[in-house]
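J.: heads up, no residue letters with this:
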């Protein structure tokens, strides 16, 4: 089961992930919400749409914009609507 781990803590895990461009996208219900803080950052992907971000906060440390999601993805990316992916040092392990 894929797990997202940062700062020694599992912040998300699910056996219902989507894989896109080598990234695991976790369903929103798989997130341990106490570690996620909304960010004002947004970026645009030409085929997925506008991404929003979360900052992770674990054991008093922050990892800004370490998780992203597409609230309203374009048609080609509808399979990741409601899903969240990680980067910036967040390890995703598939055990």
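T.: Cool, the structure landed. Computed from a predicted structure; not experimentally measured.
J.: Could you use CA atoms for every contact and neighbour count after this?
T.: Will do.
J.: Count residues in the vicinity of residue 77, would you?
T.: By the criterion of other C-alpha atoms under 10 Å, residue 77 has 14 neighbours.
J.: do residue 33 as well
T.: 12.
J.: now swap in residue 54 and tell me
T.: If we define neighbours as other C-alpha under 10 Å, then residue 54 has 22 of them.
J.: do the same with residue 44
T.: Other residues near residue 44 number 11, with proximity taken as other C-alpha under 10 Å.
J.: If we go by neighbour counts, what in the strand or helix carrying residue 11 is buried?
T.: In this assignment (DSSP states H and E), residue 11 forms part of strand 9-13. Going by neighbour count (16 or more other C-alpha atoms under 10 Å), the buried part of strand 9-13 is 10-13.
J.: same question, stretch 26-45
T.: Result for stretch 26-45 [16+ other C-alpha under 10 Å]: buried residues 26-28, 30-31, 35-36, 39.
J.: Among the residues you listed, which lie within strands?
T.: Judged by DSSP state E, those include 26-27, 36, 39 as members of strands.
J.: how about those residues in JSON lines, adding pLDDT?
T.: Output for these, formatted as JSON lines (pLDDT from 0 to 100):
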{"residue": "26", "pLDDT": "98"}
{"residue": "27", "pLDDT": "98"}
{"residue": "36", "pLDDT": "98"}
{"residue": "39", "pLDDT": "98"}
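J.: Looking at those, which one is closest to residue 75?
T.: Within those, proximity to residue 75 (C-alpha to C-alpha) peaks at residue 27, which comes in at 18.1 Å.
J.: List the residues that contact the closest one.
T.: The neighbourhood of residue 27, defined by C-alpha atoms under 8 Å, 6 or more residues apart in numbering, consists of 14, 16-17, 82-84.
J.: so which of those residues is the most crowded?
T.: Ranked by the number of neighbours (other C-alpha under 10 Å), the contacts of residue 27 place residue 84 first, at 27 neighbours.
J.: what about that residue, distance to residue 17?
T.: Distance, residue 84 to residue 17, by C-alpha to C-alpha, to the nearest Å: 9 Å.
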